[in-house]
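[1] Structure for the following, please:
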Amino acid sequence: MTHSLGAGAAFQALFLTVDRSGAIVDENIERARGYFAVAARGMQPAGVRQSNMRAVSRVVARAPGVSNADIARLTGLAPQTVSAVLAALDEGGLLTRGVARRRGGRGQPATPIYLNAEGAFALGAEIGWERLEVVLVDMAGRVVERLIRSYDYPDASRVFSDLGNLAPVALSSLAASGRGRVIGLGVALPSGLGQPKALLPAAEGQVEGWANLDVGAEAARATGLPVQLLNDGNAACWAEFLSRPSPLPSNFAFLRIDTFLSAGLVAGGRLWDGAGASSADLGAMLVTNEHGVPDLVEEIASLQALKARLRAAGTTLAEALADEPTEIASRALDDWIEVTAFALAQTVLNAATLAEFELVVLDGALPHHVLERLVTATADRVARIGAHRFAPPQISLGNLGRAGAAQGAAMLQIYRRYFSRELADLDVE
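    Here you go, the predicted structure:
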């Protein structure tokens, strides 16, 4: 069964352009024409063909039911080039066509063109500190299947056999023809997986086990699929980006409170992943804790930090999150929200100084009502610090909770294969 991602056909919203008044407008045609002119001078014919196909796919995703003539107008491509591209996309099973619409006057009736959501699929996996999640998405960004396996610590000797077991189960929801359209696996994992942390010591033998592992090769061996590795914060950030209602923010930061804090940045509508795919590791930012001592954000704003505070108070996370928490648990949770909001406010203001953005999205593995309190407390702390030289970004609650990393890892495979016109992504076919 196919499950919708918050915003429905997620990739459709990605290609909307917004003017200063907030109105949705067409992409700049002259800019598109200039792009293709440069591409023609700097690419081999196969690269130009890929770029053209992705430009057309973007328009069809943005405006379902668009016609050949509309595509030519929006991309700046010649009508005969559009026809050739559409034929290639048709041959690849990536399009569907509706009933031709009769128009007044002369000429052929316009046939509406749509992306085929079942034209391609991708798997995503998050190898986290406490669980393995596997997700299957279709070309429209919708979640087809989601499977989760929990553990106390990611065992390097077992996690890939678990991945190899879960991947076929996820794919079993597809018909045989659909399984042949799975393009690959994106694997999201946190920085320093297997390394000892102050709040989560590595299990015996795991430091050595993870240090000697080629994660990409092991995941490929376990699943038989081509693999791309991603930072978990970047992957979750991308999924959250596509889940936002249109028009999408062109610049925003994402913070996810899980076992530790993961993060991502979108700048100019592009994921800021850096050369090593681990940029925007805001959890490693130094801030001042409640005692005035420098500390890592993830040592304060994380589930591990909350659990440690609750243990010190003689209570548990279950008691703190109960419908009627004990007074001790409630007080410990209140204290954690206060110190976490202070740490996150510093993180937000420091990050916004480096990379200006108008929105910060906060999400994580806590119940909705706790996250709402944390959003409010963080926004209040940002306002109270008041030492910034710019309008502070808005802080809002995310849409996906804990689920984003595996989902985003899968969605990035689809985007980079069929929609991205970045030069680095034009050779992935």
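
[2] Going by C-alpha atoms from here, please, whenever you check contacts or count neighbours.
    Noted.

[3] Show me the helices in the stretch 51-200 of the chain, by range?
    Applying DSSP state H, counting those that start in this stretch to the stretch 51-200 of the chain gives helices spanning 68-75, 79-91, 159-171, 176-179.

[4] Show me which positions of the longest helix along the chain end up buried.
    When the chain is scanned for its longest helix (criterion: DSSP state H), the result is helix 327-354. For helix 327-354, burial by neighbour count (16 or more other Cα atoms under 10 Å) applies to 328-330, 332-334, 336-352.

[5] Please name every helix or strand in contact with whichever strand or helix holds residue 256.
    Under the criterion DSSP states H and E, the helix or strand holding residue 256 is strand 252-257. Identification of packing neighbours for strand 252-257 by 3 or more Cα pairs under 8 Å, 6 or more residues apart in numbering; DSSP states H and E yields helix 232-243, strand 261-267, strand 359-364.

[6] Show residues contacting the last one.
    Contacts made with strand 359-364 from outside it, assessed by Cα atoms under 8 Å, 6 or more residues apart in numbering, are listed as 249, 251-258, 348, 371, 375, 393-402.

[7] Taking those residues, please make a ChimeraX selection of just the buried ones.
    In ChimeraX, a selection of the buried entries from those looks like this (16+ other Cα under 10 Å):
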select :249,251,252,253,254,255,256,257,258,348,371,375,393,395,396,397,398,399,400,401,402
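
[8] pLDDT below threshold where in the stretch 251-400 of the chain?
    Low-confidence segments of the stretch 251-400 of the chain (pLDDT under 70): 275-279, 387-389.

[9] wouldn't residue 195 be in contact with residue 202 here?
    Yes: using Cα atoms under 8 Å, residue 195 makes contact with residue 202 at a distance of 6.2 Å.

[10] quick one: the strands in the stretch 1-150 of the chain?
    All strands of the stretch 1-150 of the chain, identified by DSSP state E, counting those that start in this stretch, fall at 17-18, 24-25, 95-97, 113-115, 121-127, 131-138, 143-150.

[11] which other residues reach the third one?
    Outside of strand 95-97, the residues within contact range by Cα under 8 Å, 6+ apart are 89, 90, 111, 112, 113, 114, 115, 116, 119.

[12] For the residue nearest to residue 128 when sequence neighbours are not counted, name its beta-bridge partners.
    Ranked by Cα to Cα, 6 or more residues apart in numbering and with sequence neighbours excluded, the top spatial neighbour of residue 128 is residue 189, at 6.0 Å. Note on residue 189: beta-bridge partners residue 231, judged by DSSP bridges.

[13] mind listing what residue 189 touches?
    Residues near residue 189 by Cα under 8 Å, 6+ apart: 126, 127, 128, 229, 230, 231, 232.

[14] and the residues you listed, which two are the farthest apart?
    Across these, the longest distance by Cα to Cα is 13.2 Å; it joins 128 and 229.

[15] Determine the number of other residues adjacent to residue 391.
    When neighbours are defined as other Cα atoms under 10 Å, residue 391 has 10 of them.

[16] And it, how close does it get to residue 355?
    From residue 391 across to residue 355, the span is 13 Å (Cα to Cα, to the nearest Å).
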